[in-house]
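> Sharing a model that was predicted from the sequence below.
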Amino acid sequence: IMSDPHSILACVRRGLRLHVFKDVARQYPVIFLSFICYRSTFSRYLHILLIFWLFLAGVITFYCSLSPEYLLPNVLISIKTERKQQELFPLGHSCAVCGKNQCKRHRPTLLLENYQPWLDLKVPSKVDASISEVLELVLENFVYPWYRDITGDEACVDELRQTIHFFAAVLAHRAQRVDVPLVLMDKMMKAAMKHIEIIAKAQQKVKNTEGLQQAALAEYGSDLHVALRSRKDELLYLRKLTELLFPYVMPPKATDCRSLALLIREVMTGSVFLPIMDFVADPDTVNHMVLIFIDDTPPEPVTDPPSALVPFLEKFADPRNTKSSVLKLDLKEIREQQDLLFRFMSFLKEEGAVHVLQFCLTVEEFNDRILCPDLSDTEMQRLHEEVQKIYEMYCLEESIDKISFDPFIIEEIHNRKIFKSVPGKLIKEKGQNLEPFIQSFFSSCESPKPKPSRPELTILSPTAENNKKLFNELYRNNANLPEGLERKHNQNYFMELMEVDGVYDFMMYIGRVVFHMPDWLHHFLSGARILLKRTLEVYVGHYFQVKLEQLMQEHCLVSLITLFRDAVFCESTEERSLEDKQRRAKQTFEEMMNYLPGLVGKCIGEEAKYEGVKMLFNTIQQPLLNKQMTYVLLDIAVQELFPELSEVTLSCTTHTETQSSS
């Protein structure tokens with residue numbers, strides 16, 4: 001214990017290190033004085049500093065609110081958005097190594113997928129059977145009735161089956177590469193907003209629901225879809241659209257056969273696409289789709305096990321013709337005739353597929369040698385080396401002569417199991433890859449068919465009952481506009497004044513135009529846009545993805561395909577009664593009212609909620625307005641599936657403008 005006061009003071013000085021402060025004060029007198037003043041006044045004026053920082057934070061927040069591009073990121077970490085990259089299905093010549101259309105490194109070749117788009121495309125057997133059933137009904141109702149009067153040979157119908165198979169496979173491949181939720185929340189949502197605003201403006205001009213449809217059609221003005229002008233224009237539009245898609249959905253050089261292209265166009269246009277558009281735009285169908293979408297009840301557990309995966313429409317495309325054509329030649333016959341082999345080689349050179357024929361010839365020679373019963377060890381070793389060369393030349397990814405084989409065959413060749421399974425596999429495969437080229441070769445040798453001199457007629461059906469499809473009672477003659485009528489362009493003032501982008505803006509738009517929400521709520525949502533916009537859009541995208549996955553389940557797909565089949569082809573069955581349609585419509589309105597949470601009614605008022613839902617409900621009860629929206633959505637879907645059409649349309653427009661100016 002230290003009793004000396006000087007000793008105690010020395011200990012305190014050492015503990016507080018006062019000598020350090022003394023040294024700092026000597027070296028930096030100004031900084032030390034400022035620090036002392038700050039420390040002395042901090043506790044006294046703390047509230048003033050706090051007000052200053054709060055004011056500064058408010059200024060920053062206000063500045064950010066005036067910047068529409070500033071948005072807080074998504075806070076739902078558990079939900080991650082994965083955008084699909086658009087991988088277009090290869091069309092025309094492309095490199096088998098890198099996949100580029102204009103490759104300067106490798107030799108250009110034609111991918112076999114351009115001739116066989118169904119490769120590696122498998123679907124559940126029940127779904128495949130349902131699709132095959134619908135396509136069989138198309139042939140049975142619109143091809144066979146008049147075709148059987150001409151001939152009993154199935155060769156032409158088999159060719160049509162192959163073409164439909166190709167068409168469906170291309171659509172399936174392209175549909176898998178489209179980001180459906182993104183398209184729904186972007187282009188389709190903007191189209192729906194324009195549609196709703198036009199109907200809202202039309203509703204202000206009519207007193208009852210009966211005049212809403214005609215007023216909305218007049219409000220569209222020149223923006224009315226060309227297919228809505230009349231049923232004749234609708235059919236003509238579908239024809240032109242089908243012809244525009246032919247280069248992308250038809251087998252290579254298939255359109256050179258004018259008669260086949262005309263047959264496919266008329267069957268698909270008048271007997272498939274037109275009934276589909278009528279079915280989709282039917283208010284009863286729209287009510288059904290709305291009920292499916294807003295139904296939040298968990299799906300019923302599937303009792304049946306999932307069916308096995310089968311090649312897409314393989315059974316449908318199997319040829320029914322048992323008689324072999326006298327004009328058909330096998331690869332063996334082509335090889336034995338030098339002039340025909342030379343022509344075939346020239347054709348394959350144009351198609352960039354000479355290596356396929358070289359592979360077939362190599363395998364043919366290999367089979368002749370390996371099947372010899374007396375093989376010495378030296379010969380067997382040479383065969384091993386030859387198999388290795390075949391593998392390196394035609395199976396490796398980096399090879400310029402790579403051919404798309406079944407992975408099992410590549411594995412067998414790589415493992416050199418040539419004496420057990422490979423000979424049989426190679427014998428089976430040796431002409432399989434060349435079969436599409438042989439068919440295309442003989443098609444290219446045919447002379448072009450003369451163009452018909454008389455006007456082309458649309459094939460709806462040979463029966464009088466099906467001929468009524470062009471004059472549908474529900475749609476009548478569509479908008480029934482006279483030809484050559486110039487219609488004025490009506491502006492959409494709200495959409496032109498307000499930049500709408502994304503689900504959050506769409507929600508504010510609906511609240512303002514449809515539900516007439518009060519100003520305070522609109523201002524609150526505008527302020528909360530910075531915090532909630534991206535999070536809400538991620539959540540809605542996830543919600544759409546979940547709904548899409550539910551619809552893509554096997555039993556749901558089969559149910560939807562069956563529903564479409566019954567609506568289009570089962571004409572003998574009784575149509576849904578008016579009472580059933582009214583009952584579904586009433587249920588749709590009630591479900592739409594219940595779908596909105598109770599908080600919405602408290603914020604905007606129950607009456608405003610009722611009137612807004614009633615307006616949306618009345619909108620989907622108008623068949624011609626549904627048809628207008630259906631065609632707008634169809635155009636968006638076609639552009640997403642075939643983005644190449646944008647360049648084609650742009651080039652055609654530029655060419656037309658050039659001709660007009662000249």
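Nice, I can see it. Numbering: from 1, shown residues only.
> buried stuff in the helix or strand in which E385 is found?
Assessed by DSSP states H and E, E385 sits inside helix 377-394. Neighbour-count burial for helix 377-394 flags 383, 386-387, 390-391, 393-394 (criterion: 16 or more other CB atoms under 10 Å). All C-beta atoms are positioned from the backbone trio N, CA, C, and that covers glycine.
> So which of these is the closest to L291?
Nearest to L291 among those is Y394, at 54.2 Å by CB to CB.
> contacting residues around the closest one?
Residues near Y394 by CB atoms under 8 Å, 6 or more residues apart in numbering: 355, 359, 401-403, 405.
> which residues of the stretch 201-350 of the chain score low on pLDDT?
299-300, 324-328 (pLDDT under 70).
> Mind jotting down where the strands sit in this protein?
Taking DSSP state E as the criterion, the chain contains strands spanning 122-124, 309-311.
> Report the buried residues of the last one.
Right, strand 309-311. In strand 309-311, counting by 16+ other CB under 10 Å, buried: V310.
> name the helices or strands packed onto it?
strand 122-124, helix 125-142 (3 or more CB pairs under 8 Å, 6 or more residues apart in numbering; DSSP states H and E).
> which residues touch the shortest one?
What that stands for is strand 122-124. By CB under 8 Å, 6+ apart, the list of residues contacting strand 122-124 from outside reads 131, 172, 306-312, 554.
> just to revisit the earlier point, out of the strands of the chain, which gets nearest to Y144?
Y144 lies closest, by CB to CB, to one member of those: strand 309-311, at 24.8 Å.
> who does the closest one pair up with?
Here strand 309-311 has these sheet partners by DSSP bridges: strand 122-124 (antiparallel).
> Let me know the average pLDDT across the partner strand.
The average pLDDT for strand 122-124 rounds to 89.
> Buried residues, it. List them.
For strand 122-124, a neighbour-count test (16+ other CB under 10 Å) marks 123-124 as buried.
> tell me the domain boundaries of the protein?
Domain segmentation of the chain under the TED database yields 5-66, 112-319+490-660, 331-425.
> Dump the ones you listed to CSV, plus distance to L474.
Shown next, in CSV, are the domains of the chain (distance: least, CB to CB, whole Å):
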stretch, distance to L474
domain 5-66, 49
domain 112-319+490-660, 5
domain 331-425, 48
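> related to what we said a few turns ago, okay if I get the buried residues of helix 377-394 as CSV plus distance to E336 and pLDDT?
Below are those laid out as CSV (distance: CB to CB, whole Å; pLDDT from 0 to 100):
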residue, distance to E336, pLDDT
L383, 25, 84
E386, 24, 86
V387, 26, 83
I390, 23, 84
Y391, 28, 83
M393, 25, 85
Y394, 24, 82
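> export those to TSV and tack on distance to V500?
TSV is the format used below for the buried residues of helix 377-394 (distance: CB to CB, whole Å):
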residue	distance to V500
L383	69
E386	66
V387	63
I390	60
Y391	57
M393	57
Y394	54
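> Out of these, the closest to C257 would be?
Once CB to CB is applied, the member of those that ends up nearest C257 is Y394, at 31.9 Å.
> quick one: low-confidence parts of the stretch 1-150 of the chain?
Using pLDDT under 70, the stretch 1-150 of the chain drops low at 1-49, 59-114.
> Ramachandran angles for G605?
With angles defined as degrees, to the nearest 10, G605 sits at phi 100, psi 140.
> Please report how far it lies from G152.
To G152, G605 is 71 Å away according to CB to CB, to the nearest Å.
> and the two? which has more neighbours close in?
Neighbour tally, G605 and G152, criterion other CB atoms under 10 Å: the higher count belongs to G605, 15 against 9.
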